[in-house]
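Trainee: here is my input; please provide its structure:
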Amino acid sequence: MITEATRVLIVDDAAQNRASLQRLLAQASFTIAGEAALGPEAVAEVKEAKPDVVLVAVEDPATRALRTIETLTMAVPGTPVVAVSSLSEREYMRRAMLAGARDYLVKPISAEDLETSLLALVELEQKRSSLAEDAVDTGRTGEIVTVLGAKGGIGRTTIAANLAVALAIEGKHKVALVDLDTQLGDVALLLDIVPEKSLGDVVSLIDRLDPELMRGFLSVHSSGLKVLPAPLRLEDGERITSAHVRRVLQVLSRTYDFVVVDTPRAFHDNTVTALDVSSLVIVVTTLDVACLKSTKVCLSILRSWRYPTEKVKLLINHVNNVNGIGNAEVESAVDYPIFWRIPNDTTTMTNCSRAGKPFVQTQPAAAISRNMISLSYSVAGDPPPTKGIMSRLRGK
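Mentor: Numbering: from 1, shown residues only. Take a look at the predicted model:
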């Protein structure tokens, strides 16, 4: 059985609780890799035992447990950590996930629920480890660029939309933009598009999907950009699987030079699939301390999945020279090199977002627009135009 081959290590200060979890794991036929108390002992034991999954008890006060989760995530980022707790408040769940936990199980836990959670995580990690060896030829010719963010509200969707428009507006590239936030996606709103079809409609025809059929699901933006919006109904979003996402991106990349993917902030299976097939992953962060902390965890996970630095690029949004934080300090904080910095221009970004107009199209002279257009040249590997960017955008 796959459960017997899955080794689980238990981290809990209370011996009685560890024994209880051992019994529960035995019911689900998992193999016990070891046990440890919170803190340094847990890290040492996990490094020594090399389990497939780690269960960490989170109880009030939760500070020590959360620090243990964060330390484990940094020390062995390829080993999933699952929080187990009697605390059902959403705030505890949020803090555990922010620390790096892949799941949060609330007691009492059934053997069935435990098995479902752990096996799903093990399967995901197996996909990650085999990715480098997966040489399946997808026939893809276009580049897939996925925009990722460890937190919400940092401008991820705005950057994805404006990058896609900047790539398309030059006239050289055929570009598609996919909204992969199946629950709360608002790419269509940001581009002032009223879609008739969406990603949710593709599912019923996924087995027959080809470039010609795909065209019927895409909305057309005034820039020439083609958009595959998020599902129009919540129930449609729930039906979308990683297999659907992989097929959609493969088909689009056969027709378009660039497929830009906007993602939700969580590491959903669908997001992971997009990351797998991407040639470039842009990780968006800001100079906010909490955001940098989350970004460091995010980058550690991507590094554990063997994504090279050539594929994963760090982008800092809302850069304000007044704060005085330099590249070296940020790179030290997240342990990763900076690829791009976008200047802070909240007024332009907010006004354009409210109006449903990309700033690279409507305000090309703004510093933030010039920066984003330069980013598009860098992403595309194109040399800068011989005449002014503004003239090209205005068709002069």
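Trainee: centroid-nearest residue for this protein?
Mentor: Taking C-alpha atoms, centre = their mean as the criterion, L148 is the residue nearest the geometric centre of the chain, at 4.3 Å.
Trainee: can you give me the helices for the stretch 1-150 of the chain?
Mentor: Using DSSP state H, counting those that start in this stretch, the helices assigned to the stretch 1-150 of the chain run over residues 15-27, 40-49, 63-75, 90-99, 111-130.
Trainee: whoops, I mixed them up, the stretch 151-300 of the chain
Mentor: For the stretch 151-300 of the chain, the helices identified by DSSP H, counting those that start in this stretch occupy 156-169, 187-190, 199-202, 211-215, 234-238, 242-253, 269-277, 289-304, in order along the chain.
Trainee: tell me who's in contact with I109.
Mentor: Listed by C-beta atoms under 8 Å, 6 or more residues apart in numbering, the contact set of I109 reads L24, V84. In short, each C-beta sits where N, CA and C put it, glycine included.
Trainee: look up how far S222 lies from it.
Mentor: Distance of I109 to S222, given as C-beta to C-beta, to the nearest Å: 52 Å.
Trainee: again, but for A101
Mentor: A101 sits 43 Å away from S222, going by C-beta to C-beta.
Trainee: give me the more crowded residue out of these two.
Mentor: Here A101 and S222 are set side by side on neighbour count (other C-beta atoms under 10 Å), and the busier one is A101, at 26 against 13.
Trainee: find the nearest non-adjacent residue to the more buried one, please.
Mentor: Taking C-beta to C-beta, 6 or more residues apart in numbering as the measure, A101 lies nearest to A83, with 4.2 Å between them; neighbours along the chain are not counted.
Trainee: with E196 instead?
Mentor: The spatial neighbour of E196 that comes closest, neighbours along the chain excluded (C-beta to C-beta, 6+ apart), is S219 at 7.4 Å.
Trainee: I figured the one you found hits L232, correct?
Mentor: No - under the criterion of C-beta atoms under 8 Å, S219 is not in contact with L232, lying 11.4 Å apart.
Trainee: the more surrounded of these two?
Mentor: S219 (19 against 16).
Trainee: pick the most buried one from the helices of the stretch 1-150 of the chain.
Mentor: With neighbours taken as mean count of other C-beta atoms under 10 Å, those reach their highest mean count in helix 63-75, at a mean of 20.
Trainee: please enumerate residues in contact with that helix?
Mentor: The contact list for helix 63-75, computed with C-beta under 8 Å, 6+ apart, reads 11, 38-39, 42-43, 46-47, 54, 56-59, 79, 81, 83, 95-96, 99-101, 296-297, 300-301.
Trainee: contacts only, for the residue lying closest to P211 once chain neighbours are set aside.
Mentor: Beyond its immediate neighbours in the sequence, the residue positioned closest to P211 (C-beta to C-beta, 6+ apart) is T255, lying 4.4 Å away. Listed by C-beta under 8 Å, 6+ apart, the contact set of T255 reads G142, K174, A176, P211, M214.
Trainee: ok, V261 next?
Mentor: When contacts are counted by C-beta under 8 Å, 6+ apart, V261 is found next to I144, V145, T146, V147, A160, L177, V178, L180, L249, A274, S278.
Trainee: how far out from the middle of the chain is the helix or strand where N351 lies?
Mentor: Mapping N351 onto the secondary structure by DSSP states H and E places it in helix 346-355. Centroid displacement of helix 346-355 relative to its chain, using C-alpha atoms, centre = their mean, to the nearest Å, is 24 Å.
Trainee: can you check stretch 363-382 too?
Mentor: Using C-alpha atoms, centre = their mean, the distance from the centre of stretch 363-382 to the centre of the chain it belongs to is 23 Å.
Trainee: can you check stretch 346-365 too?
Mentor: The offset between the C-alpha centroid of stretch 346-365 and the centroid of the whole chain comes to 25 Å, using C-alpha atoms, centre = their mean.
Trainee: next one: stretch 252-269
Mentor: The chain centre lies 10 Å from the centre of stretch 252-269; the measure is C-alpha atoms, centre = their mean.
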